[in-house]
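Q: any chance you could fold what I've pasted below:
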Amino acid sequence: MLDDKFAYLTLSLLYMLAWLVVFVKNPWKRGMIRVGAVGGIMGVIAEVWYFQDYWRPPTIFGVGIVGIEDYIIGFALFGVGGYIHSSFTRKEIDFDRQTKAKNRDFFFLWLIGCASLTLFSIILKVHSGYVTFLTFIALSSYIWIQRPDLIYLSLVSGLATLFITLLIYYINFQLLFPHFWETYGMLDKPVLGWKILGIPLSEILWHSSWAILCSMFRGYRNGVYYKTGS
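A: This is a model prediction of the structure:
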């Protein structure tokens, strides 16, 4: 039996395997690496919200301490969520429809997301599991209204990531560390603590809604359109 301090590291490395599969098939490899580098930083920052009421996972440095695992999983989740559609939809860029980049709008969306998590989870003490899911869906809906052409791509990404998450979580939290969530999770809330195949529903909602949102970043921010029927 592996020591609990390796549970989060194992999870992160399993997601890196998924990242590698997407990376091999993805035609935009340089962009995927850049996005992952930013995602790693966000993975570290995110624990500001999640350590208080979501979980306090063991790392190789100790329990509830930010570790290299946070960077690894952030790197992987940004890459998988943002580019998994390239492996499943095979859509090509329609250069005839490309519009002006929305870097400022995208930055404001990022600020709104961070502000939402800070206001509702830290200040108003709403559980971050609820806040995160609703924030991701709200931001996704905003992008859908402006770019309905990205709806299909985002839903495919969400479903594909859901499948990957179920597989990874079953291996890590059913076979290797079956007591993890009871020991290190703080999900004793309605809906959040429900389980599917032993996996907390909150985690399923988190990863699928994140992929739905993240998969649209490139198209929305860069004004990229994809060819229909490809």
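Q: right, and residue 21 touches residue 87 too?
A: Yes. Applying C-beta atoms under 8 Å as the test, residue 21 and residue 87 come out as touching, 7.4 Å apart. No exception for glycine: its C-beta is placed from N, CA and C like everyone else's.
Q: for this structure, list the residue farthest from the centre, please.
A: No residue in the chain sits farther from the centre than residue 96, which is 30.7 Å out by C-alpha atoms, centre = their mean.
Q: just the helices in this structure please.
A: For the chain, helices defined by DSSP state H occupy the ranges 7-25, 29-45, 47-53, 68-83, 85-88, 103-117, 128-146, 151-170, 180-184, 201-214, 217-222.
Q: so the residue farthest from the centre of the chain versus residue 219, what's the distance?
A: 15 Å (C-beta to C-beta, to the nearest Å).
Q: got it, and residue 141?
A: 15 Å.
Q: who has more neighbours out of these two?
A: Between residue 141 and residue 219, counting by other C-beta atoms under 10 Å, residue 219 is the more crowded of the two (20 against 12).
Q: contacts for the worst-scoring helix or strand of the chain on mean pLDDT next, please.
A: Lowest mean confidence among the helices and strands of the chain (mean pLDDT, DSSP states H and E): helix 85-88, at a mean of 78. Applying C-beta atoms under 8 Å, 6 or more residues apart in numbering, the contact partners of helix 85-88 are 21-22, 25-28, 91, 153-154, 156-157, 160, 215.
Q: quick check, nearest of the residues you listed to residue 172?
A: residue 21 (16.9 Å; C-beta to C-beta).
Q: need the pLDDT of that closest one.
A: As predicted, residue 21 sits at a pLDDT of 93.
Q: contacts only, for the nearest residue to residue 185 once chain neighbours are set aside.
A: In space, and not counting its chain neighbours, residue 185 is closest to residue 55: 4.9 Å by C-beta to C-beta, 6 or more residues apart in numbering. Going by C-beta under 8 Å, 6+ apart, residue 55 touches 181, 184, 185, 186, 187.
Q: likewise for residue 228?
A: Residues near residue 228 by C-beta under 8 Å, 6+ apart: 94, 149.
Q: neighbours around residue 107, how many?
A: 11.
Q: that older thread, select only the buried ones of the contacts of helix 85-88 in PyMOL?
A: Command for PyMOL, covering only those of those found buried under the criterion 16 or more other C-beta atoms under 10 Å:
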select buried, resi 22+26+91+153+154+156+157+160+215
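Q: let me know which of the helices of the chain is tucked in deepest.
A: Of the helices of the chain, the one with the most neighbours on average (mean count of other C-beta atoms under 10 Å) is helix 68-83, at a mean of 25.
Q: still on that earlier bit, how about the contacts of helix 85-88, which pair is most distant?
A: The farthest-apart pair in these, when distances are taken by C-beta to C-beta, is 21 and 154, at 19.7 Å.
Q: in the chain, where is pLDDT below threshold?
A: 1, 89-91, 95, 229-230 (pLDDT under 70).
Q: fine by me, thanks again.
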